[in-house]
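K.L.:
okay, sequence plus prediction incoming.
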Amino acid sequence: MKVFRSLFLLLAFIGTAAHAKPDTPPPQEINRIVAVVNDDVIVQSELDAKIKLVREQLQAQNTPLPAPEVLRRQVLNRLITQHLELQLASKNNITVDDDTLDAAMRRLASQNGMNLTQFRAALERDGYDYTQFRDEIRKQIIIQRLQQRMINDRVQVTSQEVDNELSRMAATGQSHEEYHLAHILVAVPDAASPAQIQAAKRKAEGILEKLRKGADFREMAVAQSDGQQALKGGDLGWRKAGQLPTIFANIVQNMKPGQISGLIRSPSGFHIIKLVAKRGEQQHVITQTLAREIVIKPNQLMSSAQARKELEKLRQRVLDGDDFGALARAHSDDKVTAANGGSLGWVNPGQLSPQFQQVMDKVQVGQISEPFETRRGWAIVQVLDRRKHDSTKDYRRAMARDLVHKRKAEEALNLWLRQLRDDAYVKIELHDNS
């Protein structure tokens, strides 16, 4: 098994495949155009490479392959969407610098139990072009940033919506449960005619009938679904009740694992969902840290080195017996905490910047850190106490906010992608014998 088998899922949805190098030179032939996407084109070699990758990914998941022409259509539609997103990203000057890309590559290597050198060697040993693989990761990050700007950053969640979500979850008795779902969508275009809607409904009814007669859901999703996760067998993964699309939420809560829904109508088209499994929520206990700080900010009169030396002197004064709180009130440049003697209060994991958190976590109770640099300037932190805290209530509220945001963002993303496609000039030149 190839060491990067887990990456098939990643690459299957983010653009041209990181082409495997052929053992023998391919026949010399015209690399014909299979689709025109605005001012861009998709050529046969790009489509073939992606189909090869998707086929390997499906085989790795033991998902039956659809008919070749069906797979071509699914993959081509994904490529068209990717080209449109990358075009829009370019117009909005969304780029990814090499440092960010290098960090992403190192994370991928680490997830596969290797360093970057080993990871590259493994890819090339299995016949994959590292440069093209790296370019695909860049494209993925660009698309994520585009979606963040166009969708996620524009989705707002109010406190009332969070309260409503918590109330809804409590009322249904499902606040502690998560659902693993699979999904099939038969899409309808914007401003669809009655004939188009009826045709889509008949197709969805045909799919549902086959499923109820025992057809494999994953296979049907790969072959028939217009959803974003079609090439994953329609797998939506684990989701909290509040994270489900609104049109699914009430239906899923009344389903049993393994059960398939009826047709669900939405503006996007006709949906079919399968409840794969469900599970309960565990108690969330965190370690809180009671800490206080002194911050010295470099300025025109004080260099970074001088700020650090000033903190070293203040730290030594505390060690010699001076009161930390009094020194913080007199010298700290963070006026918010300085007013309280430098107190940060009880700090939850993730509440502060990762760099500050990392230093604080290494300080023993009663001890003071060495000076360290932060975005706010140079700092020292004293840890006064630590305790275990049941944060389940806070966790549920944070999760409720996150779930409402994700649900609204997902619905907005689906509509945005449809609009992006509808507004584009797309001409498909793919034929059955390609």
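P.N.:
Looks like it came in fine.
K.L.:
now the helices for the stretch 51-200 of the chain?
P.N.:
Per DSSP state H, counting those that start in this stretch, the stretch 51-200 of the chain carries helices over the ranges 68-91, 98-111, 116-125, 130-150, 159-172, 194-212.
K.L.:
Serialize those helices to a markdown table and add fields for mean neighbour count, distance to residue 304 and mean pLDDT.
P.N.:
For glycine as for every other residue, the C-beta is placed from the backbone atoms N, C-alpha and C. As requested, the helices of the stretch 51-200 of the chain are arranged in a markdown table below (neighbours: other CB atoms under 10 Å; distance: least, CB to CB, whole Å; pLDDT from 0 to 100):
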| stretch | mean neighbour count | distance to residue 304 | mean pLDDT |
| --- | --- | --- | --- |
| helix 68-91 | 18 | 36 | 92 |
| helix 98-111 | 14 | 22 | 88 |
| helix 116-125 | 15 | 31 | 89 |
| helix 130-150 | 17 | 31 | 91 |
| helix 159-172 | 15 | 40 | 83 |
| helix 194-212 | 15 | 63 | 93 |
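K.L.:
compare the ones you listed and give me the one nearest residue 360.
P.N.:
Residue 360 lies closest, by CB to CB, to one member of the helices of the stretch 51-200 of the chain: helix 98-111, at 23.3 Å.
K.L.:
what comes into contact with the closest one?
P.N.:
If you take CB atoms under 8 Å, 6 or more residues apart in numbering as the criterion, helix 98-111 is touched by 6-7, 115-116, 118-119, 134, 137-138, 141.
K.L.:
and with 10 Å instead?
P.N.:
By CB atoms under 10 Å, 6 or more residues apart in numbering, the residues outside helix 98-111 that reach it are 4, 6-7, 10, 96, 114-120, 122-123, 130, 133-135, 137-138, 140-141, 145.
K.L.:
just stretch 214-221 next, same as before
P.N.:
Residues contacting stretch 214-221 (CB under 10 Å, 6+ apart): 58, 61-66, 74, 182-185, 207-211, 222-225, 227, 229-235, 258, 260, 272-274, 276.
K.L.:
buried sites along it?
P.N.:
Buried residues in stretch 214-221, counting neighbours by 16 or more other CB atoms under 10 Å, are found at 217-221.
K.L.:
mind checking what helix or strand follows the lowest-mean-pLDDT helix or strand in the chain in sequence?
P.N.:
Across the helices and strands of the chain, mean pLDDT, DSSP states H and E gives its lowest value to helix 8-11, namely a mean of 43. Counting by DSSP states H and E, the element after helix 8-11 in chain order, helix or strand, is strand 33-37.
K.L.:
strands paired with that next one, and their directions?
P.N.:
Paired neighbours of strand 33-37 in the sheet (DSSP bridges): strand 40-43 (antiparallel), strand 426-428 (antiparallel).
K.L.:
and that strand, C-alpha only, in CSV?
P.N.:
In CSV, the C-alpha atoms belonging to strand 33-37 read as follows (Å, rounded to 0.1, in the frame of the first residue of the first chain):
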residue,chain,number,x,y,z
ILE,A,33,-9.9,20.2,-25.1
VAL,A,34,-12.7,18.6,-23.1
ALA,A,35,-14.2,21.7,-21.6
VAL,A,36,-14.1,25.5,-22.0
VAL,A,37,-14.4,27.4,-18.7
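K.L.:
go through that strand and flag the buried ones.
P.N.:
Buried-residue list, strand 33-37, by 16+ other CB under 10 Å: 34-37.
K.L.:
with distance to residue 317 added, can I get those in TSV?
P.N.:
Listed next are the buried residues of strand 33-37 as TSV, based on distance: CB to CB, whole Å:
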residue	distance to residue 317
34	73
35	70
36	72
37	66
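K.L.:
from those, which is closest to residue 299?
P.N.:
The nearest one, if we look at the buried residues of strand 33-37 relative to residue 299 and count by CB to CB, is residue 37, at 51.9 Å.
K.L.:
what mean pLDDT does the strand or helix carrying residue 273 get?
P.N.:
Secondary structure from DSSP H and E places residue 273 in strand 269-280. Taken as a whole, strand 269-280 carries a mean pLDDT of 89.
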